[in-house]
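Visitor: Turn this into a structure:
(one chain, ligands or ions: 2)
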Amino acid sequence: MQNFTFQNPVKILFGQGRIQDLSREIPAGQRVLVTYGGGSVVKNGTLGEVRAALAHAQVTEFGGIEPNPTYETLMEAVILARQERSEFLLAVGGGSVMDGTKFISAAIPFEHGDPWDLVIRKAPVKAAVPFGTVLTLPATGSEMNSGAVITRKSLGAKLAFGSPLLFPRFSVLDPTRTYSLPPRQVANGVVDAFVHVLEQYLTYPIFAPVQDEFAEGLLRTLIRVGPETLQHPESYEPRASFVWAATLALNGLIGAGVPQDWATHMLGHELTARFGLDHGQSLAVVLPAMLEERFEAKKDKLAQYGERVWQLRDGSLENRAQQAIQATRAFFESLGVKTHLKDYGIQASEIPGLVQALESHGMTALGEKNDVTLGVSKRVYERAL
Ligand code: NZQ
Ligand code: ZN
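Guide: Residues are numbered from 1 along each chain as shown. Ligands and ions are numbered 1, 2, ... in the order given. Modelled structure (predicted):
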């Protein structure tokens, strides 16, 4: 196991009805900016429940944060929060609203310069307005981590940043608040959580049995409850397990002390920035191709994954490793998430532009061994066609 520092201060309020707890978590009279997306939380009653629980606070609202939240929209919220002198932010939504709120939180006190500098890491996050979240879409783990992914439309860039100052103070996880999700978003969420585990697990063997078995347990859980919760969206138990698995998939626990990859995410972000694929769709396309391209370096861990997660016991190590990739692709397809670029209307002629975008974003030495060069990435996109 490698040396590591593990920090996670997020208080989780899990279960049906927990939105009521906001009345205790937020002090009376506090100036709160509630942020949300395109209106799903208005329609499904979540925002109404939040308003009722915040009757004792001074609430301002900012709606309209779009999927893959943009700097352009978020800066409007920053201006509003500064005007209102907001003391606390409350994100009500999925990964986009939570990530967007992290940016707003860091941008409010960053008054001398362009807050985009925080995203491109030209300036460190030195201060942040405290915030909490009410989760409505299990997928990203943003509710229990300190990272965010922000898009700047005018530059065609989608970039990740983070800071220990950007952990939520608390997150409310009420699985019933996710019942209104359309199947496509549930499926995207299962894929995203699954790939988060793989990015931290499917590297090369080191002696880290705790992390490995935690990761394998999360994968097996997602394989079991993913299809079930897609089929029975209002059945509490599978949905609750999905929510908790997605949170634990990216709260730092399984990644502590082990090598991590994340190349699939970086190649996926370019697909979203240029072609608007959902985050989950982008991962379903890139991951199988990435594993095929880097087969030699990953085959030991792939075979372990095949044995322990997919119960593949026959054939050589190489054979089991290959079957594990196929099982992963078939799993994504079974959820209804397509795994080829062509399924999304993207042709080979687009690949040079994608590779150029990776280069301009500094994504030239990715992966657990920094050996995913632009040449490797190009071949991954080609395999993904
Ligand atoms: O905008 P509204 O109207 O709310 O609708 C949203 C949106 O259209 C809808 N939705 C959310 N909750 C709902 C609902 N519809 C009905 N009922 C509900 N209960 O779902 C759509 C997608 O929402 P979004 O927040 O964009 O999805 P997701 O949670 O998948 O977040 C994706 C974003 O998170 C980033 C991604 O890159 C992407 O920008 N990620 C953040 C990470 C992190 N912070 O750690 C890690 C991830 O790898 C990921 O990169
Ligand atoms: Zn992700």
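
Visitor: List the contacts of residue 155.
Guide: Shown in contact with residue 155 (CB atoms under 8 Å, 6 or more residues apart in numbering): no residues. (Glycine included, C-beta is placed from N, CA and C.)

Visitor: Then the one 3 residues further on?
Guide: When the contact criterion is CB under 8 Å, 6+ apart, the partners of residue 158 are 68, 149, 150, 151, 269, 270, 272, 273.

Visitor: what residues does this structure put near ligand 1?
Guide: Applying CB under 6 Å from any ligand atom, we find that the chain lies next to ligand 1 at 37-41, 44, 67-68, 93-97, 99, 136-137, 139-142, 145, 147-149, 177-178, 180-181, 185, 188, 192, 250, 265, 279.

Visitor: one step back: okay, the contacts of residue 158 in a markdown table with pLDDT, secondary structure and neighbour count next?
Guide: Formatted as a markdown table, these follow (pLDDT from 0 to 100; DSSP: H, G, I helix; E, B strand; the rest coil; neighbours: other CB atoms under 10 Å):
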| residue | pLDDT | secondary structure | neighbour count |
| --- | --- | --- | --- |
| 68 | 96 | coil | 21 |
| 149 | 97 | strand | 24 |
| 150 | 97 | strand | 25 |
| 151 | 96 | strand | 26 |
| 269 | 96 | helix | 26 |
| 270 | 97 | helix | 26 |
| 272 | 97 | helix | 19 |
| 273 | 95 | helix | 22 |
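
Visitor: Which of those sits closest to residue 171?
Guide: Nearest to residue 171 among the contacts of residue 158: residue 149, at 17.5 Å, using CB to CB.

Visitor: residues touching the closest one, list them.
Guide: 68, 95, 99, 158, 159, 160, 269.

Visitor: just curious, which of the residues you listed is nearest to ligand 1?
Guide: residue 95 (2.5 Å; CB to the nearest ligand atom).

Visitor: Now the closest one. Nearest residue, chain neighbours left out?
Guide: In space, and not counting its chain neighbours, residue 95 is closest to residue 140: 3.2 Å by CB to CB, 6 or more residues apart in numbering.

Visitor: try residue 302
Guide: residue 321 (3.7 Å).

Visitor: what is the mean pLDDT for whichever strand or helix holds the one you found?
Guide: Using DSSP states H and E, residue 321 maps to helix 317-334. What helix 317-334 shows for mean pLDDT is 98.

Visitor: Run the chain-centre distance for it.
Guide: Relative to its parent chain, helix 317-334 has a centroid offset of 23 Å by CA atoms, centre = their mean, to the nearest Å.
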